[in-house]
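**Student:** When you get a sec, could you give me coordinates for this:
(chains A, B, C and D)
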Protein chains: 2
Amino acid sequence: MSNDEKIYQKILKAIVEHQLPPGARLPEDRLSEAFGVSRTGIRKVLQRLALEHFVVIARNKGAQVNHPSEDEALEVLDSRILIEPQLIAGVQRSWNPEQSERFRDLVDEERQAEQAGDMASSIQATARFHYELAQLAGNNVLASFVEQLCYRSSLVIAAYGTRSSVSCDCGDHSQLLDLLDDGQPKKAQAWMKHHLQVIKASLILESQEEQHIDFQRLFKD
Amino acid sequence: MSNDEKIYQKILKAIVEHQLPPGARLPEDRLSEAFGVSRTGIRKVLQRLALEHFVVIARNKGAQVNHPSEDEALEVLDSRILIEPQLIAGVQRSWNPEQSERFRDLVDEERQAEQAGDMASSIQATARFHYELAQLAGNNVLASFVEQLCYRSSLVIAAYGTRSSVSCDCGDHSQLLDLLDDGQPKKAQAWMKHHLQVIKASLILESQEEQHIDFQRLFKD
DNA sequence: AAGGTTTTAATTGTATACAATTTTAGGTGA
DNA sequence: TCACCTAAAATTGTATACAATTAAAACCTT
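**Tutor:** Have a look, this model is predicted:
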């Protein structure tokens, strides 16, 4: 993996796990120190994050973690509600015992992270579950769009989520696997739609305060 | 509009209208000469185009116009088939005489461009029709995804399209407007799905040869 | 002390310089 | 002539320098 990609992944992770909360500023100097590369490389990463709506760049003012508006938050979830259930049919077609096992493992990961109280890992695992499921449908264009939406959802939850919506109610995911194992795509599709609607409904709409971040320490490893 | 944005628009236009055909190389030097800015600005634009899949950047080898694989071509159209018909319900909700008139104008533009044999303008107008329609549904996240898919479709058509698929069969678009005027969202939705399926079916799968491009001349204005 | 103005510092925007890599061209021997 | 190797040119990757802009601080003035 390229060096840029590593930096991108680390910053994205920090945002999605809201170690870098919505609204946090991302000065190029600090980041270039923290990662040991020049501003050139940092700018490249920041611009990518901006195109993917994880940060917002204002001319001559720099980047800060996007604080999604209420509209944006709802639109992200609505987009998932429109797309993901429709992918289930394709998932069912390529479903087999190995897939089932693979996804059971993912659910276990979620469950462990949740029980350990590690919200960060929990969020990541949940997003990965949805993304890898989307991949199974066989359309890479849609899958990568779903991937982006999953990560944006993590940001939305960081801004508007409740404790329960973070974990996406882990038991739920294994229910979906049961339905796929039983070969019931209609029910699986309905389940997925309902699942996402529950997450959307669990959002509450209030903002939160700023805080200081030690970039050197956050990215020390 | 920022200077970067202008450059981005111009290069994207040239790609979508396949003045820059799939596979064409985009050396940073030539572009920076042509646009009168340093390579820094050009690289920024190229990286954006790469994230949007309009160009492909290979490490130490630079950018070239993406030549979508057959799989990618089909996936782009399938994505639109999955999304765009579902937006019609929302379009119908916000439909009114002013909207109707606005879109009639767009169809006229398409028709004129087509009759003038101006394939470039025709492609642009068609993409705009679909994009602006998507915007009416009121979900900006999905609308901007549809926008990207429309432009990617233009690239797909440049690579695999027939003469007829370029124009997207202009008469068709006014049929959709008629259905919306009559308040028949179900039929309009079915029509949209069929319309996109026709475009997908019209793709033929064969490549095409390279050619020399004079960047100075192409972007002289 | 409050408000506003000027000065200073911090931050981003853009161009350029140099290193690393790839591509092309040229040449040598079989 | 062809393959192969070497040298030159072209191209991209990254860091740095300086200009432009914005944010912060200091300094009056009332």
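**Student:** Quick one: mean pLDDT for stretch A:27-41?
**Tutor:** The average of the pLDDT scores along stretch A:27-41 is 96.
**Student:** Where does pLDDT dip in chain A?
**Tutor:** Applying pLDDT under 70 to chain A flags the ranges A:163-171, A:205-212, A:220-221.
**Student:** hmm, 90 instead?
**Tutor:** Filtered on pLDDT under 90, chain A yields the residue ranges A:1-3, A:16-19, A:109-127, A:154, A:157-172, A:201-221.
**Student:** and the biggest helix by length in chain A, which residues are buried?
**Tutor:** Taking DSSP state H as the assignment, the helix of chain A that covers the most residues is helix A:70-93. Buried residues in helix A:70-93, counting neighbours by 16 or more other CB atoms under 10 Å in any protein chain shown, are found at A:72-88, A:90-92. (Each C-beta comes from the backbone N, C-alpha and C, glycine too.)
**Student:** what bridges to the one residue in chain A that gets nearest to DNA strand C?
**Tutor:** Closest residue of chain A to DNA strand C, CB to the nearest atom of the strand: A:G62 (2.5 Å). Counting by DSSP bridges, A:G62 forms beta bridges with A:A58.
**Student:** ok so, going back, do the longest helix of chain A and chain B meet?
**Tutor:** Yes: Helix A:70-93 comes into contact with chain B (CB under 8 Å from any CB of the partner chain), by way of A:D71, A:E72, A:E75, A:V76, A:D78, A:S79, A:L82, A:I83, A:Q86.
**Student:** coming back round to it: just give me the neighbour total for the residue of chain A closest to DNA strand C.
**Tutor:** Close neighbours of A:G62, defined as other CB atoms under 10 Å in any protein chain shown, add up to 16.
**Student:** same check, this time on A:A134
**Tutor:** Neighbours around A:A134, by other CB under 10 Å: 26.
**Student:** Isn't it up against A:L149?
**Tutor:** No: the pair A:A134 / A:L149 is not scored as a contact, 9.2 Å apart, by CB atoms under 8 Å.
**Student:** domains for chain A, by residue range?
**Tutor:** A:3-67, A:70-201 (automatic domain parsing).
**Student:** Could you check how far the first one is from the centre of its chain?
**Tutor:** If I follow you right, that is domain A:3-67. In terms of CA atoms, centre = their mean, to the nearest Å, the centre of domain A:3-67 is set 16 Å apart from its chain centre.
**Student:** Next, the contact list for A:S100, please.
**Tutor:** A:L177, A:L180, A:D181 (CB atoms under 8 Å, 6 or more residues apart in numbering or on different chains).
**Student:** Over to A:W191?
**Tutor:** A:Q175, A:L176, A:L179.
**Student:** so of the residues you listed, which ones are in strands?
**Tutor:** Using DSSP state E, no member of the contacts of A:W191 falls in strands.
**Student:** Can you pull up the most central residue in chain A?
**Tutor:** A:Y151 (2.2 Å; CA atoms, centre = their mean).
**Student:** elements contacting the strand or helix carrying that one?
**Tutor:** Using DSSP states H and E, A:Y151 sits within helix A:140-160. Using 3 or more CB pairs under 8 Å, 6 or more residues apart in numbering or on different chains; DSSP states H and E, the elements in contact with helix A:140-160 are helix A:3-16, helix A:70-93, helix A:119-136, helix B:70-93, helix B:140-160.
**Student:** which of the residues in the third one are buried?
**Tutor:** Residues of helix A:119-136 classed as buried under the neighbour-count rule (16+ other CB under 10 Å) are A:119-127, A:129-136.
**Student:** Kindly report the same for the shortest one.
**Tutor:** Applying a neighbour-count criterion of 16+ other CB under 10 Å, one finds A:I7, A:Y8, A:K10, A:I11, A:L12, A:K13, A:A14, A:I15, A:V16 buried in helix A:3-16.
**Student:** In this structure the last one contacts A:Q148, no?
**Tutor:** What that stands for is A:V16. No: A:V16 is beyond contact range of A:Q148, at 11.4 Å (criterion: CB under 8 Å).
**Student:** DNA strand C contacts on chain A?
**Tutor:** A:25-29, A:39-40, A:43, A:57, A:59-63 (CB under 7 Å from any atom of the strand).
**Student:** Tell me who's in contact with the residue of chain A closest to DNA strand C.
**Tutor:** A:R25, A:L26, A:P27, A:E28.
**Student:** Any idea how many residues pack against the spatially closest residue to A:Q92 that is not a sequence neighbour?
**Tutor:** Closest residue in space to A:Q92, ignoring its immediate chain neighbours: A:P185 at 4.0 Å, by CB to CB, 6 or more residues apart in numbering or on different chains. Other residues lying near A:P185 total 17 when counted by other CB under 10 Å.
**Student:** got the contact list for A:P185?
**Tutor:** Shown in contact with A:P185 (CB under 8 Å, 6+ apart): A:I88, A:A89, A:V91, A:Q92.
**Student:** Kindly list the main-chain dihedrals of it?
**Tutor:** Main-chain dihedrals, A:P185, degrees, to the nearest 10: phi -60, psi -40.
**Student:** can you check A:N60 too?
**Tutor:** Torsion angles, degrees, to the nearest 10, at A:N60: phi 70, psi 10.
**Student:** That one - how many residues pack around it?
**Tutor:** 5.
**Student:** what about A:G36, distance to DNA strand D?
**Tutor:** Using CB to the nearest atom of the strand, to the nearest Å, A:G36 is found at 7 Å from DNA strand D.
**Student:** nope, A:P185 is what I was after
**Tutor:** Counting by CB to the nearest atom of the strand, the separation of A:P185 from DNA strand D is 44 Å.
**Student:** Against A:I88, how distant is that residue?
**Tutor:** 6 Å (CB to CB, to the nearest Å).
**Student:** circling back to that earlier point, looking at the contacts of A:P185, which is nearest A:E109?
**Tutor:** A:V91 (19.2 Å; CB to CB).
**Student:** tell me the contacts of the residue nearest to the closest one when sequence neighbours are not counted?
**Tutor:** Spatially, and ignoring its direct neighbours in sequence, A:V91 is nearest to A:L136 (4.5 Å; CB to CB, 6+ apart). Each residue near A:L136 by CB under 8 Å, 6+ apart is listed here: A:L87, A:G90, A:V91, A:S94, A:W95, A:Q99.
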